[in-house]
Each structure stands twice: as structure tokens, then as C-alpha cells.
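J.: show me the folded form of this:
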Amino acid sequence: MSNQSVQTVSTSNDKIKVALAIAVAIAGVVGFYYLSDKPALVRAGALVAGLAFAVLLLWTSTTGREFLNFAKEAVRETKKVVWPTRREATQITGIVFAFVLVMALFLWGTDKTLEFLLYDVILGIRK
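T.: You can find the predicted model right below:
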């Protein structure tokens, strides 16, 4: 038995739902800015209502459900990550800063050496 997923083709009905959901989300954002003279609660309500309605529209489409399932799986996978301890993160950050400092000094020294060789020794031009 194969464990590969099968890609389904979206119907035109699903495409219309996705386009409508995008339009509703944009309308919520536009409403938030259009109602700039209203209280913040009204503005936030327009934004949240637009986004909530857009999510509901997406949920009714196959593409939207697949995207939401993908987002849930991404959150689940993020929870499986073993994050470094504070001490490990501090050590790694210190190593990165030390490496950057050493590289900066190396590049500065290389630049000054090449500048000296090119301008003073080869061309004989003093600044």
C-alpha cells in the first residue's frame, strides 16, 4: 500500500471560495482603516469579523482545509523540536560573536595590507 498523497485538482467552486475569502480578508483590513474616525473597538471588530469570515469561507473549500491541516501539522512539528537551554544558547551566541570579530579583524588586516602594498609599494602614491 502506498503512503503517498494524491494531489487533487481544485474545482472552480473552490477557486471562487478562495478568491472570495481573500476579498473578504482585504475588505476587513480596508474597513479597519476606513473606520479611522470610529472607536478602536469598532475598527478592531471590522478587522476581526472580516478575517473570521474569510477563515470560515476557506474552511468550506478543499484548498482551505488542506492549508489549515498543513498549518496544524507545522505547529505539531514545531513542538517536537528540542530547543537549546539558555546556557547553550548563550554559548553559541558567544561563539558566533567571537567568530564575527575574528573575521572582521582578518578582513580589516587584509584590506590594510593590500592597501599598503598597492598604494605605497607598487604605485608609490602616498595619501
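
J.: output the host helix or strand of Val29 as CSV, nothing but the C-alphas.
T.: Element membership for Val29 (DSSP states H and E) is helix 12-34. Only the C-alpha atoms of helix 12-34 are listed here, as CSV (Å, rounded to 0.1, in the frame of the first residue of the first chain):
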residue,chain,number,x,y,z
SER,A,12,-13.9,26.2,-10.0
ASN,A,13,-16.3,26.4,-7.0
ASP,A,14,-13.3,26.0,-4.6
LYS,A,15,-11.4,28.7,-6.6
ILE,A,16,-14.3,31.1,-6.2
LYS,A,17,-14.4,30.4,-2.5
VAL,A,18,-10.7,31.1,-2.0
ALA,A,19,-10.9,34.3,-4.1
LEU,A,20,-14.0,35.4,-2.1
ALA,A,21,-12.1,34.6,1.2
ILE,A,22,-9.2,36.8,0.0
ALA,A,23,-11.6,39.6,-0.9
VAL,A,24,-13.3,39.4,2.5
ALA,A,25,-10.0,39.5,4.3
ILE,A,26,-8.9,42.5,2.3
ALA,A,27,-12.3,44.1,3.0
GLY,A,28,-11.8,43.6,6.7
VAL,A,29,-8.4,45.3,6.6
VAL,A,30,-9.8,48.2,4.4
GLY,A,31,-12.7,48.5,6.8
PHE,A,32,-10.2,48.8,9.7
TYR,A,33,-8.5,51.8,8.0
TYR,A,34,-11.7,53.3,6.5
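
J.: give me the mean pLDDT for it.
T.: Averaged over helix 12-34, pLDDT sits at 89.

J.: packing partners for that helix?
T.: Applying 3 or more CB pairs under 8 Å, 6 or more residues apart in numbering; DSSP states H and E, we find helix 12-34 packed against helix 40-59, helix 62-80. Heads up, the C-betas are built off the backbone N, CA and C, glycines and all.

J.: distance from the chain centre to it, please.
T.: 21 Å (CA atoms, centre = their mean, to the nearest Å).

J.: which other residues reach it?
T.: Under the criterion CB atoms under 8 Å, 6 or more residues apart in numbering, residues 10, 43-44, 46-51, 53-55, 57-58, 60-64 lie in contact with helix 12-34.

J.: many thanks, have a good one.
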